[in-house]
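> how would this look folded up:
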Amino acid sequence: LENQTEHSNALIYIEMLNRGISSDSSGNYIFSYEPGDTIYSGESKVIYFLNDYDMDSAKIFLVRGKIKLDTLDVDSEGKIKTKEMKQIVRVEGWTDKQEYRIGDTIAYTARFTNTTNRVVHLLIISVFNQLGPVGLYNDKYMPFNLSYCDPVMADREIDLYKGYYEGRVKYTIRDRYYCANGEPFFPDEYIVTTGLFIERRLQNQFQSKFNKYVLEEWHKIHRGSSPKYDLFPNKYNFPRIKIIE
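So this is what the prediction gives:
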């Protein structure tokens, strides 16, 4: 992955099998085939995807569910030549402090930097014309949305030329997950997350089997060092904070 030293979290997807896996910290991956795969034969595309990177692909040929060696992009040992994926947007976030208490106000800033020589189209979900949705995530709990209690949301489209776009927002950290009758919010360490679409990709989940897979299956597979709440495969640099008693 361009501009990275840690290469986990890329989705590698075999189109014919409708199956994906994530790369490890070195950028490697291994597919294991199942007995039911014997029904698949023919040429298939292998798609490489992260939301903030240009997509790439390779071609393989399956014979009764097994790769035919030394064919298309596969060598005689069953390996595909290493690919370097090019970054589209660098996504970073930071908060005004590292520790908060229930009732404190948290100020969050997200910066989206164009790393290409072309215009990049961003679609950011806006809450009352502010950056959103912004949430706190910890594997042990359900995601906590800082925008609170069914806000009015709208799409905010941005054509990002050279340089960057920054969005800022302030929220109160409340003691319930969802409105007044929600689950209690526990002091702990959290990742501050924000969601976005890049280059109009994945907006229609029924446009292809691949889009549907990313939207419905991605969160179920292991993804290296990144948080499980990632909506899409990515290398976003989200801040970590601590909620204290």
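> least trustworthy helix or strand in this protein by mean pLDDT?
Across the helices and strands of the chain, mean pLDDT, DSSP states H and E gives its lowest value to strand 130-131, namely a mean of 72.
> Parallel or antiparallel, which strands does it pair with?
Neighbouring strands of strand 130-131 in its sheet, by DSSP bridges, are strand 120-127 (antiparallel).
> got the buried residues for the strand it pairs with?
By neighbour count with 16 or more other Cβ atoms under 10 Å, strand 120-127 contains the buried residues 120, 122-127. Using the backbone N, CA and C atoms, a C-beta is placed for each residue, glycine as well.
> Over to stretch 18-26?
By neighbour count on 16+ other Cβ under 10 Å, the buried set for stretch 18-26 is 19-24.
> Show me what it is in contact with.
Residues outside stretch 18-26 that contact it (Cβ atoms under 8 Å, 6 or more residues apart in numbering): 6-14, 29-31, 209, 213, 217-218, 221-225, 233.
> on that earlier part again, out of the buried residues of stretch 18-26, which are inside strands?
If you go by DSSP state E, the buried residues of stretch 18-26 have 19-22 in strands.
> hang on, the earlier thing: return the members of the contacts of stretch 18-26 classed as buried.
For the contacts of stretch 18-26, buried by 16+ other Cβ under 10 Å: 7-14, 29, 213, 218, 223, 233.
> Which of those residues fall within helices?
Mapping those onto helices (DSSP state H) picks out Tyr213.
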